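1. Build me a model:
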Amino acid sequence: MGGMIEASNLTKRYGGHTAVDRVSFTARPYRVTGFLGPNGAGKSTTMRMLVGLARPDDGEARILGASFVDVPNPGRYVGVLLDASATHKGRTGRETLRLAAMTMGLGDGSVDRALDRVGLSKKEAARRTGGYSLGMRQRLGIAQALLADPAVLILDEPANGLDPSGIRWMRELVRGFADEGGTVLLSSHQLSEVDAVADDIVIMGSGRVQAQGSREELTRSGSLEDAYFAATGDSAREERAA
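-> Predicted coordinates:
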């Protein structure tokens, strides 16, 4: 495994609104990069540009040295979770993964391994996803991202809907993935979530990068909390203090 995610001056406008404004950062192998900021900061739009779901108005995104859309069979190399609810509600969890595996040219063995890796039982996998809790949909989405044992993981708010034990599991999974040489970009609106697992942190606010660096550097300089609270507003600081 191994491969970088590179964003260079990514910009996206919707009418007169600039949702993402000249965003640049690099996520590297063997490291978890936390993409931190409040809802509406531009994180999801940036991630959609990284994986070819939105076209940048300016700038460039590269994964494994190429534009995502130019990577042959990209799901074999880049695992993506952007919206855990975007599943066909009438299909079972196993059917959802089998279809994804077929698209990537993978066998049923990859489905069994992915289900086991995320802790979804055979009984749960046989249920239609319309009856899944949000936490189960998150696990299924992560299983789909892991199907091909990719080099890169891009996960948008993967802790949403998970209970405390599920959050611990998710942290261990992404930590283990990075320790084995993978590259992880993980977004969250919660400082504590990113602080618990990330090696490097990119803080977004109002469509721009407010601060970035290693977690140790940002913590030592005091800019981690300062930049986060500047992006989220005083209410976040007050909630944390409470």
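2. State the mean pLDDT of the lengthiest helix in the chain.
-> Ordering each helix of the chain by length in residues (DSSP state H) puts helix 164-179 first. With pLDDT averaged residue by residue, helix 164-179 scores 93.
3. list the buried ones in that helix?
-> Gly166, Ile167, Trp169, Met170, Arg171, Leu173, Val174, Arg175, Phe177, Ala178 (16 or more other CB atoms under 10 Å). Quick note: C-beta positions are derived from backbone N, CA and C, even for glycine.
4. Next: stretch 183-190.
-> Applying 16+ other CB under 10 Å to stretch 183-190 flags Thr183, Val184, Leu185, Leu186, Ser187, Ser188, His189 as buried.
5. In contact with the fifth one, which residues?
-> Remark: with contacts taken as CB atoms under 8 Å, 6 or more residues apart in numbering, Ser187 is in contact with Gly34, Phe35, Leu36, Gly37, Lys43, Ser44, Met47, Leu155, Asp156, Glu157.
6. Helix, strand, or coil at the residue nearest to the spatial centre of the chain?
-> Geometric centre of the chain, nearest residue: Leu155, 1.5 Å, by CA atoms, centre = their mean. At Leu155 the chain is in strand, as set by DSSP: H, G, I helix; E, B strand; the rest coil.
7. just Arg55 next, same as before
-> coil.
8. any idea what sits nearest it, other than its immediate chain neighbours?
-> Leaving aside its sequence neighbours, Arg55 sits nearest to Met49 (CB to CB, 6 or more residues apart in numbering; 7.4 Å).
9. Distance-wise, check the one you found relative to Arg62.
-> Distance check for Met49 against Arg62: by CB to CB, to the nearest Å, it reads 11 Å.
10. So what touches stretch 114-133?
-> By CB under 8 Å, 6+ apart, stretch 114-133 touches 87-94, 96-97, 136-137, 139-140, 142-144, 146-147, 161, 169, 173.
11. Low-confidence ranges, this protein, go.
-> Residue ranges of the chain with pLDDT under 70: 1-2, 84-86, 234-242.
12. Could you list the domains of it?
-> Residue ranges for the domains of the chain, per automatic domain parsing: 5-77+152-241, 88-149.
13. Show me how far the last one is from its chain's centre.
-> On the basis of CA atoms, centre = their mean, to the nearest Å, domain 88-149 sits 17 Å off its chain's mean C-alpha point.
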